[in-house]
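Asks: pasting the structure only:
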DNA sequence: CCCCAAAGGTTGATGCGTCAACCAGAATAC
DNA sequence: GTATTCTGGTTGACGCATCAACCTTTGGGG
């Protein structure tokens, strides 16, 4: 079995491209609507949603990172930008001198509340309403299977 | 049916997040391997692959954009970066004074050939081998359904 | 106590993607 | 034949994501 055995056939190629296109267009549409409705991006929304549901509207960076499955620096950059816009504030952690806790501001709460309904409706309309129950199941299982495989094969890249 | 009817339930939320995580991790892993194996990114690869298969190893920007389903400026920026690295060259089009044609260079061909096998193997290993035939079908249909829905509901965003 | 490794975060550089504005050549209207 | 509009493409600014390097605090050993 030479290297050519791993080329993707026509069907696979098509599925792969459809997957990419679906993700990109979905992501674009959601971002545009979120931006229009509430003036925030999807990453903003994810952070704000996580904080809004947290015990005291605050989380330590570590926890937020765990929740969102983001890298350190990605979160740091995102929080910096959001802090500049007044959506969150950072303050030091008493127990651990290294740590920082991120807290959502009133402005942030206002934004995320304004966005939540419309965003969920959009996700439902564009994604879930397009899928049959069987497709939904397949999606769920497939997602889990791919993630599991990534965890096994590329442990470094999937912490 | 008020606004609260559109909130995502637990199952949907989980599927939605799994979908995002799958895409992000897959994309990350593929990019890392492509970068390591051939020193190019996934967008680089897409452009190079399209050009390598084109009639004279060249396409007009318009055609490339059609093929990849990218925006004008996205392609322009990408091509500029790739030209700086010597992977492609731009030259003027004789028939149409506005147009530009993009041609792959020998270096570009070398890179894309070096990358193709390993990349395809990676996609197969991480994606297709994780999916059952039924899941593959579901993925295919679901992708088409979502794209079609996007086309209907957000015509502006899905040209 | 001191050294050293690990953990929590930040920063800077660079590539990627979008948007809005722009420019030049081409088509079309009149 | 000139004015208008359309089309193909570029640019600049900005936000997003990764990587590598760095800094500080913590926690252990010696």
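Replies: Yep, it's here. Source: prediction; values computed, not measured.
Asks: For chain A, just list every one of the strands.
Replies: Remark: strands assigned in chain A by DSSP state E are A:58-60, A:88-92, A:100-104.
Asks: Could you point out which of these sits nearest residue B:29?
Replies: strand A:58-60 (27.2 Å; C-beta to C-beta). (Glycine included, C-beta is placed from N, CA and C.)
Asks: for the closest one, packing partners?
Replies: Applying 3 or more C-beta pairs under 8 Å, 6 or more residues apart in numbering or on different chains; DSSP states H and E, one finds that strand A:58-60 contacts helix A:42-52, strand A:100-104.
Asks: how about the lowest-mean-pLDDT helix or strand in chain A, does it get close to chain B?
Replies: The helix or strand of chain A with the lowest confidence, counting by mean pLDDT, DSSP states H and E, is helix A:133-153 at a mean of 88. Yes. Against chain B, helix A:133-153 shows contacts by C-beta under 8 Å from any C-beta of the partner chain at A:134-136, A:138-150, A:153.
Asks: Next: stretch A:67-80.
Replies: Yes. Using C-beta under 8 Å from any C-beta, stretch A:67-80 reaches chain B at residue A:69.
Asks: Pull out the buried positions in that stretch.
Replies: A:67, A:68, A:70, A:75, A:78, A:79 (16 or more other C-beta atoms under 10 Å in any protein chain shown).
Asks: before we move on, the earlier item: from the residues of helix A:133-153 next to chain B, list just the buried residues.
Replies: Buried, going by 16+ other C-beta under 10 Å: A:135-136, A:138-147, A:149-150, out of the residues of helix A:133-153 next to chain B.
Asks: Residue of chain A nearest DNA strand D, please.
Replies: residue A:97 (2.5 Å; C-beta to the nearest atom of the strand).
Asks: What's the local residue count around that residue?
Replies: By other C-beta atoms under 10 Å in any protein chain shown, 7 other residues sit near residue A:97.
Asks: so how far is residue A:60 from it?
Replies: 13 Å (C-beta to C-beta, to the nearest Å).
Asks: What of residue A:46?
Replies: Distance from residue A:46 to residue A:60, by C-beta to C-beta: 17 Å.
Asks: of those two, who's got more company?
Replies: The neighbour count for residue A:46 versus residue A:60, taken as other C-beta under 10 Å, is higher for residue A:46 (19 against 16).
Asks: The more buried one touches residue A:68, doesn't it?
Replies: Yes. Taking C-beta atoms under 8 Å as the definition, residue A:46 is a contact partner of residue A:68 at 5.8 Å.
Asks: measure the closest residue to residue A:44 other than its chain neighbours to residue A:52 for me?
Replies: Distances taken as C-beta to C-beta, 6 or more residues apart in numbering or on different chains put residue A:82 closest to residue A:44, at 6.2 Å, once the chain neighbours are dropped. Going from residue A:82 to residue A:52 by C-beta to C-beta gives 13 Å.
Asks: same question, residue A:28
Replies: Separation of residue A:28 from residue A:52 (C-beta to C-beta) stands at 25 Å.
Asks: same thing with residue A:59?
Replies: Using C-beta to C-beta, residue A:59 is found at 10 Å from residue A:52.
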